[in-house]
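Enquirer: Fold the following for me, if possible:
(one chain, ligands or ions: 1)
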Amino acid sequence: MAHQQGPALAADHLVKTYPGGRGKPPLRAVDGLGFEAEKGTVFGLLGPNGAGKSTTMKILSTLTRPDSGTAYVAGIDVARHPARVRRALGFVAQKPVSDPMDTGVENLVLAGRLQGMSGREAAARARELLDRFGLTDHARRQVKTYSGGMARKLDVAIGLMHRPEVLFLDEPTTGLDPEARAELWLELERMTTAENLTVLLTTHYLDEADRLADRLAIVDHGRVVAGGTPEELKNDLRGDAVIVELAADADPFAGLGALQRVDALREVGGDGRTLRARADSGAATLPLALAALEAAGVAVASATVARPSLDDVYLRHTGRTFTRAQESAEFVLENAS
Ligand SMILES: Nc1ncnc2c1ncn2[C@@H]1O[C@H](COP(=O)(O)OP(=O)(O)OP(=O)(O)O)[C@@H](O)[C@H]1O
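Expert: Here you go, the predicted model:
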């Protein structure tokens, strides 16, 4: 099924607006978004809840149509040949697709049969995938007895039954405990190599994007605000982050003023009692920052120096920390329900 020349995934100027409903204005969930992913790589769409990642994935997987823009999967135009696109991709949605009353192997074989595989072919592929995901010993147990991590692995295996060229993973580790997340990361890394897959991954976990994605796009309000390899994005920031947590009774504005007067600090900003800045050498600059705060009478609770993280990249490009963006997205979701 070698369809394509050029990138395995390409999206250009995608726009998608949802009707508002109940007197609310329409919502532009995707607003001119574009990216390209090379064959055999993992491409990450990183953004907080509501940034437009799932909608982008739905457009690329033909589940919804964009208002405008183009998208290609495995070199196939999504708008013109949706059935061919669906054959070329595997989709692992946020919600489980397996039937909890069926066994693992039954779920896999059914998925294969639905994709047009013969019974024998489906059984062989199921065995192969159960082995790859370490589920062979649990193959004949009902899925309702599986742990969250095992059920997620089965979902990924179901998405792979028909040997897709491209696998879409929508927030694959949401809801898993740290151990299960780490194990799934390992499996995903092994699998992408073994199957020579191109993977499109959405995530709101910075560490997941950092670990799994060869390249990523940071998505905010339906747009790509920055793109590159995780290393490139972090290196672009140059220098260390200096983070100062002020004492409960300290005045954050006085703290900001004091840090802004330290020559070696740049990009000074604050979020409540947390003040952040960048410095070429964090270790050398931290004492100067603390001295400036002390001279201004601003009490400090703790101070840290850190190498640039994707959180810093996000802050640089969106003006807010990822944690804050995620919290406000969760607040909106809770109040909408
Ligand atoms: N079918 C729909 N109808 C109306 N609004 C929708 C619909 N689907 C998504 N939205 C809204 O569009 C915006 C983008 O949602 P989307 O699910 O694409 O974001 P996301 O980055 O994937 O977030 P999440 O991690 O929560 O899935 C959100 O504000 C969401 O509420």
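Enquirer: For the rest of this, base every contact and every neighbour count on C-alpha atoms.
Expert: OK.
Enquirer: pLDDT value on the spatially most distant residue from the centre of the chain, please?
Expert: Largest separation from the mean C-alpha position in the chain: residue 295, at 42.5 Å (Cα atoms, centre = their mean). As summarised for this prediction, residue 295 has a pLDDT of 96.
Enquirer: Check residue 1 too.
Expert: pLDDT, residue 1: 46.
Enquirer: same thing with residue 331?
Expert: Value for residue 331, per-residue pLDDT: 65.
Enquirer: just residue 73 next, same as before
Expert: 96.
Enquirer: May I ask you to confirm that it is in contact with residue 10?
Expert: Yes: here residue 73 reaches residue 10: they are 6.7 Å apart, a contact under Cα atoms under 8 Å.
Enquirer: quick one, which of the two is more surrounded?
Expert: residue 73 (27 against 20; other Cα atoms under 10 Å).
Enquirer: Just give the nearest non-adjacent residue to the more buried one, would you?
Expert: residue 9 (4.8 Å; Cα to Cα, 6 or more residues apart in numbering).
Enquirer: Show me what residue 201 is bridged to.
Expert: When assigned by DSSP bridges, residue 201 has beta-bridge partners residue 44, residue 169.
Enquirer: for the residue farthest from the centre of the chain, what are its contacts?
Expert: Shown in contact with residue 295 (Cα atoms under 8 Å, 6 or more residues apart in numbering): no residues.
Enquirer: so what's the backbone phi/psi at it?
Expert: phi -60, psi -30 (degrees, to the nearest 10).
Enquirer: which residue ranges form the strands in the stretch 151-300 of the chain?
Expert: 166-170, 198-203, 215-220, 223-228, 240-246, 266-271, 274-279, 300-306 (DSSP state E, counting those that start in this stretch).
Enquirer: would TSV of the ones you listed with mean pLDDT, mean neighbour count and distance to residue 160 be doable?
Expert: Converted to TSV, these look like this (pLDDT from 0 to 100; neighbours: other Cα atoms under 10 Å; distance: least, Cα to Cα, whole Å):
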stretch	mean pLDDT	mean neighbour count	distance to residue 160
strand 166-170	94	24	7
strand 198-203	93	26	11
strand 215-220	93	25	22
strand 223-228	93	18	27
strand 240-246	93	23	41
strand 266-271	89	16	43
strand 274-279	92	22	44
strand 300-306	93	15	39
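Enquirer: Let me have the ones you listed in JSON lines, adding distance to residue 314 as columns.
Expert: Output for the strands of the stretch 151-300 of the chain, formatted as JSON lines (distance: least, Cα to Cα, whole Å):
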{"stretch": "strand 166-170", "distance to residue 314": "20"}
{"stretch": "strand 198-203", "distance to residue 314": "14"}
{"stretch": "strand 215-220", "distance to residue 314": "7"}
{"stretch": "strand 223-228", "distance to residue 314": "8"}
{"stretch": "strand 240-246", "distance to residue 314": "13"}
{"stretch": "strand 266-271", "distance to residue 314": "14"}
{"stretch": "strand 274-279", "distance to residue 314": "13"}
{"stretch": "strand 300-306", "distance to residue 314": "15"}
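Enquirer: now these as JSON lines including distance to the ligand?
Expert: JSON lines is the format used below for the strands of the stretch 151-300 of the chain (distance: least, Cα to the nearest ligand atom, whole Å):
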{"stretch": "strand 166-170", "distance to the ligand": "8"}
{"stretch": "strand 198-203", "distance to the ligand": "7"}
{"stretch": "strand 215-220", "distance to the ligand": "8"}
{"stretch": "strand 223-228", "distance to the ligand": "10"}
{"stretch": "strand 240-246", "distance to the ligand": "27"}
{"stretch": "strand 266-271", "distance to the ligand": "23"}
{"stretch": "strand 274-279", "distance to the ligand": "26"}
{"stretch": "strand 300-306", "distance to the ligand": "27"}
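Enquirer: thinking again about what came up before, could you tell me how many residues sit around the residue nearest to residue 73?
Expert: Neighbours around residue 9, by other Cα under 10 Å: 23.
Enquirer: What of the one 10 residues further on?
Expert: Under the neighbour criterion other Cα under 10 Å, residue 19 is assigned a count of 12.
Enquirer: My guess is it contacts residue 67. True?
Expert: No: in this structure, residue 19 is not within contact of residue 67 by Cα under 8 Å, at 11.8 Å.
Enquirer: Name the residues that touch stretch 41-54?
Expert: In contact with stretch 41-54 (Cα under 8 Å, 6+ apart) are residues 29-30, 37, 170, 192, 197-206, 209, 212-222, 322, 325-326, 329-330.
Enquirer: per-residue confidence averaged over that stretch?
Expert: 90.
Enquirer: what about it, how long is it end to end?
Expert: 19 Å (Cα to Cα, to the nearest Å).
Enquirer: That one vs the ligand: in contact?
Expert: Yes: using Cα under 6 Å from any ligand atom, stretch 41-54 reaches the ligand at 47-54.
Enquirer: For these, pick the one with the most neighbours.
Expert: Of the residues of stretch 41-54 next to the ligand, with other Cα under 10 Å as the count, residue 53 tops at 29 neighbours.
Enquirer: the inter-axis angle of the longest helix along the chain versus strand 198-203?
Expert: Ranked by residue count and defined by DSSP state H, the top helix of the chain is helix 178-194. Between helix 178-194 and strand 198-203, the angle comes out at 160 degrees (axes from the mean of the first three to the mean of the last three Cα atoms, to 10 degrees).
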